[in-house]
Every structure is written in structure tokens, then in C-alpha cells.
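here is my input, please return the structure:
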Amino acid sequence: MKHSNISIFIPHIGCPHRCSFCDQNTISGAVHLPDGDEVREICRKALSEVRSPENTEIAFFGGSFTAIPRDYMLELLEAAGEFIGEGKFKGIRCSTRPDCIDIEVLELLKSHGVTAIELGAQSLDDEVLEANERGHSSQQVEEACMLIKAFGFELGLQMMIGLYRSTPEKEWETVTKIVELHPDTVRIYPVVVLRNTRLGELLKSGEYVPFSFEKAVDIASAAIVMFEGSGIRVIKCGLHASEFVEKDMIGGFYHPAFREICESIIYRRNIAQELSAAGISGGGVTIAVRTSCISKALGHRKSNCEYFKERGITIKAVGEEEIPIYKCELR
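The predicted structure follows:
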């Protein structure tokens, strides 16, 4: 059964640093602090509408949850906790910074129904972290991951592609280190440059030169394959579609269908590899993919369909269990 979240956004108040890329209100669209009563109302409404609450978590996103004032954090947790348990939601998910995790806070989260913690790692290269004013080291990411796992929480990591001072080689080193840490989930966020951020200033001055959009897609698509192939679920790739982001972005890699574009590239490469391995250049060949992946295989706006159609190659769907995700077979 597919997992879902009831997302509740907490603005920037919890963060002890203002990172180079951050304008949290623009990213989340949040402009006020929800209180416990608002959390109860959101959860009450969602419980009456969600089809499978047992596969749904109440998710506190948008800031560093474990760094907000403790009384406020407890108010939110206690309100959400009323909707956890049999016949209600599965648990609580929150996002925070690696340097805002310790044994005391993990014990508190555990006792209040938190089931999953996502860390904004962004990069595991110390030069990139420092250049983007993250305020923590790669070692702190690793230590926080170990603690979260030791307490039995589901662990999620978030990485950003294309930060200031990063390179494709540094991106791949981060991907490799994330695989070694083996979180349960990953979110991949290609950098979006917003006005009124330091990254925006660096972009305007010419000191920050982002990768090309194609390079960002190339890195992200390879990362998806690496993570999924290692048993790590990629639960997000690309910033969610937002009128706020589209209004305030001045550069970077935003596209409302970013993941779809990446998955199109994955399938195009795999189909081409399958044809090459069979010594086939085209003509009357059918490529089979699992039914649930047919739109990915056909490509964003059917780009793969058109690309291979010119070579006489057809893409078709088959049963669910027969072919793994992202794989294809000659038929």
C-alpha cells in the first residue's frame, strides 16, 4: 500500500542558521505558525478523508523541528499524538538538521509517537557545507544517522544537487556516502536559486555558476538508480510545484516534472543499452516494461516514444511482477 503524509509546515523559526539557498517561507508557502488546535483540526479533517490512515504519517516539515522552542514542539507533538494509534494514523514524521539531534531529543520524540526522522544533509562534502553556510559537518550527519537508527526510527536523508562550490564529482561522492549510511528514504532536491538569498547574490555576481539543467538531470537520474538499486526509496526528486517558487526563483534547476524527466532519461538509457547488448539498431523491435512504469518509459511528453519510434522500436506494457522497475526486455 502506498505511503502518504499529512504535511504541516513549520516556518524557519527552528533553524539556527540561514543557509545560502534558504528562503523557507517561499519554499513551503508558510507564513504563520500553526498551533496545537490547528494541528488537531488538520488531523481531524484528514482522518475523515484518508483511505488508509494506517499507511499515513502526520509530517512536520518546513523548518528544523527539533530546534524550535521546546514548549512549542511539545504542543505540536501532543496535538498530533491524539491521532496516532489503532484506527488512526501510523505515526509522526519530522524533518530537522543533523546538529539538532541528540539522545535527549530522540527519547522525547520516541515517547511522543514519532516514527520517522528526515535529516537535511544536503551534501556530505565539508567544503560544500561550509561554502553554503550549513553550520554542520559531514561527520555530524553520519553521527546523527547512527543515533537515529539506534533508536529504531525510520531514517530519511535529503540531498541538494548543484550547491555553490559543488562539482559533479562531489555530488557522486555524496551519493556514494549516502548509500553507505543506508537510510530508508532519500529526497533529492536540485538547487533552486531564490531571490533574497546569498546564493541569489552569488549568482548575480557571477561567483556562482550552476551546472546546466541537463547535468543536473544526469546526476539526479544516476542517483535515483543508485539509491533504488541499493534498497533506498527515493520519495521525492525535485521541488514541489509552487506558485511561490515560480515567482521568486532566479536560477537553478526547477521544473514541475523534474522527476518525470529524470525517469525518462533512466528508461531511455536502459532501452538503448538493451538494444546495444543485443546488437540491434532498430526495425520492428518491441521493448517491454512493467505496466505501472509505462508512462515513465514512454518519456516526459512521450519523448522516448518519439525518439525510438523513428528507429522502428515500440514500447509496450506487460504484467507488474515480470519486469523490475526501470528495467526493460526485448520482445
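
in three-state terms, label A288 for me.
Secondary structure, DSSP: H, G, I helix; E, B strand; the rest coil: A288 is strand.

that one: what's it in contact with?
By C-beta atoms under 8 Å, 6 or more residues apart in numbering, A288 lies in contact with I315, K316, A317, V318, E322, I323, C328, E329, L330, R331. Bear in mind the C-beta positions are built from the backbone N, C-alpha and C, glycine included.

point out where the stretch 201-331 of the chain drops to low pLDDT.
For the stretch 201-331 of the chain, applying pLDDT under 70 flags the ranges 243-244.

ok so, going back, the contacts of A288 in helices, which ones?
Taking DSSP state H, every one of those sits outside helices.

now intersect those with the strands, please.
I315, K316, A317, V318, E329, L330 (DSSP state E).

can you report phi and psi for L124?
Main-chain torsions, L124, degrees, to the nearest 10: phi -120, psi 30.

then I161?
phi -100, psi 130.

hmm, who's touching the helix or strand K215 falls within?
Secondary-structure assignment from DSSP states H and E places K215 in helix 213-229. Counting by C-beta under 8 Å, 6+ apart, helix 213-229 makes contact with 159, 161-162, 168, 171-172, 175-176, 178-179, 186, 188, 190-191, 210-211, 233-234, 237-238, 253, 255, 258, 261-263, 265-266, 269, 325-326, all of which sit outside it.

coming back round to it: between the ones in strands among the contacts of A288, which has the most around it?
For those, neighbours were counted using other C-beta atoms under 10 Å, and I315 has the most, 20 neighbours in all.

I250 is in what secondary structure piece?
Judged by DSSP H and E, I250 forms part of strand 249-252.

who are the packing partners of that strand?
Applying 3 or more C-beta pairs under 8 Å, 6 or more residues apart in numbering; DSSP states H and E, we find strand 249-252 packed against strand 192-194, helix 198-205.

now it: how far from the chain's centre is it?
19 Å (C-alpha atoms, centre = their mean, to the nearest Å).

and if you look at stretch 175-182?
Here the centre of stretch 175-182 is set off from its chain's centre by 15 Å, with C-alpha atoms, centre = their mean.
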